[in-house]
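J.: Kindly generate the corresponding structure for this input.
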Amino acid sequence: MPKVVIVNTSASELKGHPTGVWLEEAACPYYLFKEAGFDVVLASTAGGPVPIDQGSVSGDFFTDACKKFLHDPDAIGALSHSVKLSDVDLSTVDCLYMSGGHGTAVDFFDNATLKAAIETVYNAGKVVAADCHGPICLAQCNKADGTPLVAGLECTGFTNSEEAAVQLTEKVPFLIETKFEELGGKFSKGEDWGSNVTTAGNLICGQNPASSEACAKACIDFLKK
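T.: Have a look, this model is predicted:
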């Protein structure tokens, strides 16, 4: 049984802006991986309760997967008692999946533990996946030869125009689209708020919340090869 670790942010605030995990990006993959028969672990950078961005549980963003998750004792219990990433035995992991939310702009982008985990899993030929703001963690990572992880690879993440639309350009440490291009990545920009996923070997990226289903399904396809 493949084991997937969904890594979530532990940060509830970005420079005064209330945030956390964007629930769709954890809930949708959680259920798709469960339905595929995978062992799913909900982890976070600090362990313990994972804050939920309130914007992700309101209006059209409050998807069926989110509603199901919040009323699922096992799921919400696991998110409330998430495993600390540093306590995960990476040798048992088949897929490391980074969810998004602006909290990642606090504790994903300059995180030695997360960097080491991603590089270990990726260089072992296992799946590294990230959606929306989750890919912000990839900028610090390198391939085994020392070159940037995204260099020469198709990749995506929350775009510059999407960041501008939510008016948080000035609060994030860097723009994912700009940074990936600077690192030599082949950044794929789909329509704002539309589903867009890239697969480059064992690196799988999603652009935004709407990409969560396709991103998780791409991981499932890879793991079932």
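J.: CA only for contacts and neighbour counts going forward, please
T.: Will do.
J.: all helices in the chain, in order from the N-terminus.
T.: 24-35, 64-70, 73-80, 104-107, 112-123, 160-165, 176-182, 212-223 (DSSP state H).
J.: how close does residue 70 sit to residue 131?
T.: For residue 70, the distance to residue 131 equals 20 Å [Cα to Cα, to the nearest Å].
J.: Would you mind telling me which of those two has more residues around it?
T.: residue 131 (31 against 16; other Cα atoms under 10 Å).
J.: got the contact list for that one?
T.: Contact partners of residue 131, counting by Cα atoms under 8 Å, 6 or more residues apart in numbering, are 25, 98-100, 157, 205-209, 211-212, 215.
J.: Just the residues you listed: which are in strands?
T.: Judged by DSSP state E, the contacts of residue 131 include 98, 205-206 as members of strands.
J.: quick one: which of those is nearest residue 42?
T.: The closest of these to residue 42 turns out to be residue 98 (Cα to Cα; 10.2 Å).
J.: Please name the bridge partners of that closest one.
T.: residue 7, residue 130 (DSSP bridges).
J.: Does it touch residue 22 like I think?
T.: No. In this structure, residue 98 is not within contact of residue 22 by Cα atoms under 8 Å, at 11.2 Å.
J.: re earlier: can you check which of the helices of the chain gets nearest to residue 191?
T.: Nearest of the helices of the chain (Cα to Cα): helix 160-165, 9.3 Å.
J.: What is that closest one packed up against?
T.: helix 176-182 (3 or more Cα pairs under 8 Å, 6 or more residues apart in numbering; DSSP states H and E).
J.: Got the phi and psi for the closest residue to residue 51 other than its chain neighbours?
T.: Counting by Cα to Cα, 6 or more residues apart in numbering, residue 51 lies nearest to residue 20, which is 4.8 Å off, once chain neighbours are set aside. The phi and psi values for residue 20, taken as degrees, to the nearest 10, are phi 150, psi -160.
J.: tell me the pLDDT at residue 20?
T.: We have a pLDDT of 98 for residue 20.
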